[in-house]
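Enquirer: fold the stuff below for me.
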Amino acid sequence: MRLRIQMRTLILVTSAVLIVLNAIPAFPCSSVGVSPQFLVTQADLILRVTAVSEFSSVIPNSSGRGNVRFSVEEVVKGQYEGATISLPGFLTDQDDWNRQMPPYISPRPTADASCFTHGYRKGGQFLLILKKWDGSLSTVKPAEPAPKPVMREAASKPPAAQGRADGSLAGTVSDGTGAVIPGVRVTVASRTIAGNSITETEIQTATSDQTGRYYFAALTPGQYLLKAELAGFATFRSVVDVEVSKTATPNIVLSVGPINISELIAGRPLDGYTTVWIAGPVNEQLRSPDDPWVQWVRQQVKR
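Expert: The predicted structure follows:
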């Protein structure tokens, strides 16, 4: 009888402990006291961004969830030509302001035991202090500036298309869930067919806007190749016909592209930059485009 009582007591105590442990979040980050001047000096790229959407990876990355796509609002330091950037993380519906007075020396309240935060308020603005990913996530060392993308010159008009240049193409770029995708590079190329040979000549390039829309004007009637590209997605290709004085409306749906397993396991961001290079205020939420934290960082960059 006494043994049964002891067993029941042990079970109850164990259950209570488990409930308490499950209710307590991971051990909070202790104040790491990172020099904000050091962060700015060592960063390869600093961006003011808006958290736009979330998409999943086939294999969990360093955040343990998926990836967040941001629209780039301002390049504070470094060179970056893209309209978007993607990092491991997840979206939330809660604000997460840093409780310190800027300049910050430690991350916002939701930082985990490793002093990193991976949650981003959807539609919120953030200041990303980034390091170019070099194969490791722990070594802070100088890195070469990001190379500037090579831009190709577009032909003045499609060689195979004849007639008045008053046709157009317009549509929306989205993912498989129907969520619109801004910052997608969309190109249109003319197609010249001669026997069994097809020649494609790029004539216009556009970037999808915040609503995922793209638009091409002044197209002569004929057949065109429509192509869309964004890091992390398979390249979209489709042949469309343009008629005189009409707007063709092909929508673009992007699917997840090939996965590099070793990069995902290492937690490499899809666009080659990471916030997980030092424990500190590397991805703080902003209250406005001219938040005091942004202003302080801008001043440091100018020095």
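Enquirer: same for the strand or helix carrying residue 171, what does it pack against?
Expert: Following DSSP states H and E, one finds residue 171 within strand 167-175. Judged by 3 or more Cβ pairs under 8 Å, 6 or more residues apart in numbering; DSSP states H and E, the packing partners of strand 167-175 are strand 213-219, strand 222-229, strand 236-242, strand 247-248, strand 252-254. (Each C-beta comes from the backbone N, C-alpha and C, glycine too.)
Enquirer: quick one: contacts for residue 251?
Expert: Each residue near residue 251 by Cβ atoms under 8 Å, 6 or more residues apart in numbering is listed here: 171, 172, 173, 174.
Enquirer: again, 7 Å this time
Expert: 171, 172 (Cβ atoms under 7 Å, 6 or more residues apart in numbering).
Enquirer: check residue 74 too.
Expert: 47, 48 are the contacts of residue 74 under Cβ under 7 Å, 6+ apart.
Enquirer: now it: which helix or strand?
Expert: Per DSSP H and E, residue 74 falls inside strand 66-77.
Enquirer: so what strands line up beside that strand?
Expert: Sheet neighbours of strand 66-77, with direction, are listed as strand 45-56 (antiparallel), strand 84-92 (antiparallel) (DSSP bridges).
Enquirer: what angle separates that strand from strand 167-175?
Expert: Angle between the axes of strand 66-77 and strand 167-175 is 120 degrees (criterion: axes from the mean of the first three to the mean of the last three Cα atoms, to 10 degrees).
Enquirer: that older thread, of the helices and strands packed on strand 167-175, which approaches residue 67 most closely?
Expert: Nearest to residue 67 among the helices and strands packed on strand 167-175 is strand 252-254 (13.7 Å), distances taken as Cβ to Cβ.
Enquirer: just the terminal-to-terminal distance for stretch 209-224.
Expert: By Cα to Cα, to the nearest Å, the extent of stretch 209-224 from end to end equals 22 Å.
Enquirer: show me which positions of it end up buried.
Expert: Using 16 or more other Cβ atoms under 10 Å as the test for burial, stretch 209-224 gives 209, 212, 214, 216, 219, 220, 221, 222, 223, 224.
Enquirer: redo the residues you listed as JSON lines? Include pLDDT.
Expert: Output for those, formatted as JSON lines (pLDDT from 0 to 100):
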{"residue": "209", "pLDDT": "90"}
{"residue": "212", "pLDDT": "90"}
{"residue": "214", "pLDDT": "96"}
{"residue": "216", "pLDDT": "96"}
{"residue": "219", "pLDDT": "94"}
{"residue": "220", "pLDDT": "93"}
{"residue": "221", "pLDDT": "93"}
{"residue": "222", "pLDDT": "92"}
{"residue": "223", "pLDDT": "93"}
{"residue": "224", "pLDDT": "95"}
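Enquirer: just those residues now: which is nearest residue 238?
Expert: Nearest member of the buried residues of stretch 209-224 to residue 238, counting by Cβ to Cβ, is residue 224, at 9.4 Å.
Enquirer: contact partners for that closest one?
Expert: Residue 224 neighbours (Cβ under 7 Å, 6+ apart): 188, 189, 190, 191, 240, 242.
Enquirer: tally of neighbours for the last one?
Expert: Going back to what we said before, that points to residue 242. When neighbours are counted by other Cβ atoms under 10 Å, residue 242 registers 24.
Enquirer: so it is in contact with residue 221, correct?
Expert: Yes: using Cβ atoms under 7 Å, residue 242 makes contact with residue 221 at a distance of 5.6 Å.
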